[in-house]
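1. The following comprises the amino acid sequence and a computationally predicted model.
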Amino acid sequence: MLEAFKELHPTMQAFIGTLFTWGMTALGAALVFFVKGTNQKFLDSMLAFAGGVMIAASYWSLLAPAIEMSSESPGPAWVPAAVGFLLGGVLLMFVDRMLPAIDTDRYMHDIKDHKAKNRTALLFFSMTLHNIPEGLAVGVAFGALASNMTESTLAGALALALGIGIQNFPEGTAVSMPLHRDGMGKKKSFMFGQFSGMVEPIAAVVGASAVIVIEPILPYALSFAAGAMIFVVAKEIIPGSHEKGNVNLASMSLMLGFTVMITLDVALG
């Protein structure tokens with residue numbers, strides 16, 4: 001099977017690799033089906049867990065690789081990370097202000113509370129945005145196999161896809177569970193959760209097809225997604241998990257989510 005995979009065009013390899021990462025997102029989102037009842041403490045803890053996952057992913061999956069990539073380019077290595085990060089936060093602030101004018105009822109009519117509706121919309125948007133540069137990164141890794149970038153190997157590209165896929169499991173949960181917490185049905189929460197990872201195969205094909213063009217802007221794209229996620233965590237996730245008074249539980253759950261993600265990121269290198 002590996003030999004057959006080697007014979008495929010790098011674009012197809014990237015597409016198949018990110019079908020796996022998308023599948024892992026869907027698998028994580030599917031945990032929503034195993035939740036029984038609507039225990040508020042549990043749901044608040046899952047929202048905070050999502051915040052911890054997002055904070056850790058923002059650095060280890062996005063900012064750290066962006067800084068590492070930038071260190072190989074001329075100019076200060078911190079510039080792409082700083083610029084991209086701030087732009088990501090500004091975009092989400094703009095989206096947050098525009099949400100009242102957007103017809104979110106069409107997709108989230110089962111969430112009655114207006115504040116919760118905005119929170120879920122921002123959460124879904126930021127997690128989806130976060131998956132685009134990850135898909136691009138996988139695409140660039142496979143696309144480099146067809147170029148003169150000799151440091152790139154098939155094993156490295158496969159390891160990247162495997163690592164991102166495993167990390168996507170808790171990220172899928174981090175979308176579907178908070179959506180369910182805010183009143184969305186389990187089936188719909190799962191659909192939104194897995195859809196956040198659907199952009200990765202598309203982004204991978206783009207990255208593999210335009211590897212020379214995409215690679216220089218990848219540090220900005222990774223940092224941009226990190227800024228968007230941190231904005232959502234600071235403005236919506238942490239305050240939302242404290243709304244019902246479960247502050248200590250939510251705080252420890254956030255730390256648990258953070259620990260899970262740094263363990264996966266560091267262990268998978």
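-> Sure thing, it's come through.
2. Please make it C-alpha for all contacts and neighbour counts, starting now.
-> Fine.
3. give me the element residue 91 is part of.
-> Assessed by DSSP states H and E, residue 91 sits inside helix 78-98.
4. and that helix, C-alpha only, in CSV?
-> Presented in CSV, the C-alpha positions along helix 78-98 are these (Å, rounded to 0.1, in the frame of the first residue of the first chain):
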residue,chain,number,x,y,z
TRP,A,78,9.3,37.4,15.1
VAL,A,79,7.8,39.7,12.5
PRO,A,80,5.5,37.2,10.7
ALA,A,81,4.3,35.7,14.0
ALA,A,82,3.6,39.1,15.6
VAL,A,83,2.0,40.6,12.5
GLY,A,84,-0.1,37.6,11.7
PHE,A,85,-1.2,37.1,15.3
LEU,A,86,-2.4,40.7,15.7
LEU,A,87,-4.2,40.6,12.3
GLY,A,88,-6.0,37.4,13.3
GLY,A,89,-7.3,39.1,16.5
VAL,A,90,-8.4,42.2,14.6
LEU,A,91,-10.3,40.1,12.0
LEU,A,92,-12.2,38.2,14.8
MET,A,93,-13.0,41.5,16.5
PHE,A,94,-14.4,42.7,13.2
VAL,A,95,-16.4,39.4,12.7
ASP,A,96,-17.7,39.7,16.3
ARG,A,97,-19.0,43.2,15.6
MET,A,98,-20.6,42.0,12.3
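5. can you give me how far it is from the chain middle?
-> Offset of helix 78-98 from its chain centre (Cα atoms, centre = their mean, to the nearest Å): 15 Å.
6. Stretch 21-28 too?
-> 11 Å.
7. before we move on, what about stretch 256-264?
-> 14 Å.
8. What residues of it count as buried?
-> 256, 257, 258, 259, 260, 261, 262, 264 (16 or more other Cα atoms under 10 Å).
9. Identify, from those residues, the entry nearest to residue 120.
-> Using Cα to Cα, residue 257 comes nearest to residue 120 of these, at 18.2 Å.
10. re the thing from before, redo the buried residues of stretch 256-264 as JSON lines? Include secondary structure.
-> JSON lines is the format used below for these (DSSP: H, G, I helix; E, B strand; the rest coil):
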{"residue": "256", "secondary structure": "helix"}
{"residue": "257", "secondary structure": "helix"}
{"residue": "258", "secondary structure": "helix"}
{"residue": "259", "secondary structure": "helix"}
{"residue": "260", "secondary structure": "helix"}
{"residue": "261", "secondary structure": "helix"}
{"residue": "262", "secondary structure": "helix"}
{"residue": "264", "secondary structure": "helix"}
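11. min pLDDT across the residues you listed, which one?
-> When the buried residues of stretch 256-264 are compared on pLDDT, residue 264 comes out lowest, with 78.
12. so who does it touch?
-> Applying Cα atoms under 8 Å, 6 or more residues apart in numbering, we find residue 264 in contact with 163, 166, 167.
13. Could I get those in JSON lines, plus columns for distance to residue 48?
-> JSON lines is the format used below for the contacts of residue 264 (distance: Cα to Cα, whole Å):
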{"residue": "163", "distance to residue 48": "23"}
{"residue": "166", "distance to residue 48": "20"}
{"residue": "167", "distance to residue 48": "17"}
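14. Restricted to helices, list those residues.
-> 163, 166, 167 (DSSP state H).
15. which one of those residues sits closest to residue 54?
-> residue 167 (11.0 Å).
16. gap between the closest one and residue 116?
-> Remark: distance between residue 167 and residue 116 (Cα to Cα, to the nearest Å) = 26 Å.
17. ok, those two, which is more surrounded?
-> The residue with more neighbours, out of residue 167 and residue 116, is residue 167; 25 against 18, by other Cα atoms under 10 Å.
18. Centre of the chain to the longest helix out of those in the chain, how far?
-> The longest helix of the chain (DSSP H) is helix 114-143. Counting by Cα atoms, centre = their mean, helix 114-143 is centred 5 Å from the centre of its parent chain.
19. for stretch 177-196, same thing?
-> Using Cα atoms, centre = their mean, the offset of stretch 177-196 from its chain centre is 15 Å.
20. What average pLDDT does that stretch get?
-> Here the average pLDDT along stretch 177-196 is 87.
21. Tell me which residues of it come out buried.
-> In stretch 177-196, the ones that count as buried by 16+ other Cα under 10 Å are 177-186, 188-196.
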